[in-house]
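In: Got a predicted model here, sequence first, then my questions.
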Amino acid sequence: PRADHTSRQRNSFRQLPSWPATRGDKVNAAVPPGYRRVGDNRVRELVGRGLEEFVVGEIIEHRPARTVTETDHLLTLALTANPAPVHSDVRYCEQTGRGRPLVCGMVTLGIVLGATVRSISGLTTANLALDGLRLENPVHVGDTLRAETEILTARRSRTRPEHGVVTCRTNGYNQHDQRVITFTRAFLVPADPAQLRDATGY
C-alpha cells in the first residue's frame, strides 16, 4: 500500500503545471510542492510529514546549508558552561597541534539536526531516541554544513495508533564533502497529518 501511495503521489507531482501561474490563470492554480491551499489565492508552507508521506529508503538532501558562526560557537559554550580550552583558547590549540579552536560538537549536532526538521520532523510531538552519534571530522568557525537523511523505517505506533514512529539516519557534511557527523534518530509523526494541520493551523 505504501508503494502505491508513493507512486500516485509522484505521478501527481509530474502532472502539475509549471509554477508560478501566469496572470491569466484562475485564482486556484496548481499548488507548488511544499505548500497546501488554504483559500482562494492563498497557500501555506508545509512543515514536516505524516506517516504515509515517508518513503523507506528515500534520501533527502536538506537545504539550505548553514555556515557556522563565531556567535553559534560562543553562545553554545556559554549555555553549556563548557570550559574545555580546545574550544576557546587559541594559544592552547596552537600548542597542542590543533592550530585553532574546534567548534563544540553540540553546535555541529544542533545545526545538522536542525536542518532536517522542516522536511521530516516538523510535526513531531516527541523525539524518542538519538543513537550511534559519531563526530568524524573537525568543524571550525566558518565551515559550511549541510545535511542528508535516509529514511530507515516508518510504521504505526503500537501503543499510540494516532502516531507513526519514524527512524532515520542523518549525515552532516562540510564544504569539502567530508562527513563530519552521523547519527540515527527516532521520532513520532502524526498518522493523519491533514487532521493535525487543520486543527493547529499548519
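Out: It's in.

In: On the three-state scheme, the residue nearest the centre of the chain is what?
Out: Central residue of the chain (C-alpha atoms, centre = their mean): residue 116, 0.5 Å from the mean position. Of the three states, residue 116 takes helix under DSSP: H, G, I helix; E, B strand; the rest coil.

In: Tell me if I'm right that it and residue 62 touch.
Out: Yes. With contacts defined as C-beta atoms under 8 Å, residue 116 counts as touching residue 62 at a distance of 5.4 Å. All C-beta atoms are positioned from the backbone trio N, CA, C, and that covers glycine.

In: Out of the helices and strands in this structure, which is least certain?
Out: None of the helices or strands of the chain scores lower by mean pLDDT, DSSP states H and E than helix 2-14, at a mean of 42.

In: what do residue 116 and residue 62 both touch?
Out: Common contacts of residue 116 and residue 62 (C-beta atoms under 8 Å, 6 or more residues apart in numbering): 147, 149.

In: ok, the residue nearest to residue 126 when sequence neighbours are not counted - contacts?
Out: Excluding the flanking residues, the one nearest residue 126 by C-beta to C-beta, 6 or more residues apart in numbering is residue 188, at 4.9 Å. Residues near residue 188 by C-beta under 8 Å, 6+ apart: 124, 125, 126, 128, 157, 160, 163, 164, 165, 166.

In: ok, residue 72 - how many residues close by?
Out: 18 (other C-beta atoms under 10 Å).

In: A helix includes it, no?
Out: Yes. Residue 72: assigned to a helix according to three-state DSSP.

In: roughly how far apart are the residue at the greatest distance from the centre of the chain and residue 89?
Out: Distance from the C-alpha centroid of the chain peaks at residue 95, with 37.4 Å (C-alpha atoms, centre = their mean). Going from residue 95 to residue 89 by C-beta to C-beta, to the nearest Å gives 9 Å.

In: Check the offset of whichever strand or helix holds residue 109 from the chain's centre.
Out: Element membership for residue 109 (DSSP states H and E) is helix 105-116. How far helix 105-116 lies from its chain's middle: 9 Å, per C-alpha atoms, centre = their mean, to the nearest Å.

In: Stretch 158-166 now?
Out: With C-alpha atoms, centre = their mean, you get 20 Å for stretch 158-166.

In: Any chance you could list what contacts that stretch?
Out: 50-51, 54, 120-121, 125, 128, 151, 153-157, 186-192.

In: What subset of the residues you listed is buried?
Out: 50-51, 54, 120-121, 151, 154, 186-191 (16 or more other C-beta atoms under 10 Å).

In: Could you single out the nearest of those residues to residue 76?
Out: Nearest to residue 76 among the buried ones among the contacts of stretch 158-166: residue 121, at 21.1 Å, using C-beta to C-beta.

In: Pretty sure residue 187 is one of the things that closest one touches, is it not?
Out: Yes. Counting by C-beta under 8 Å, residue 121 touches residue 187, with 5.0 Å between them.
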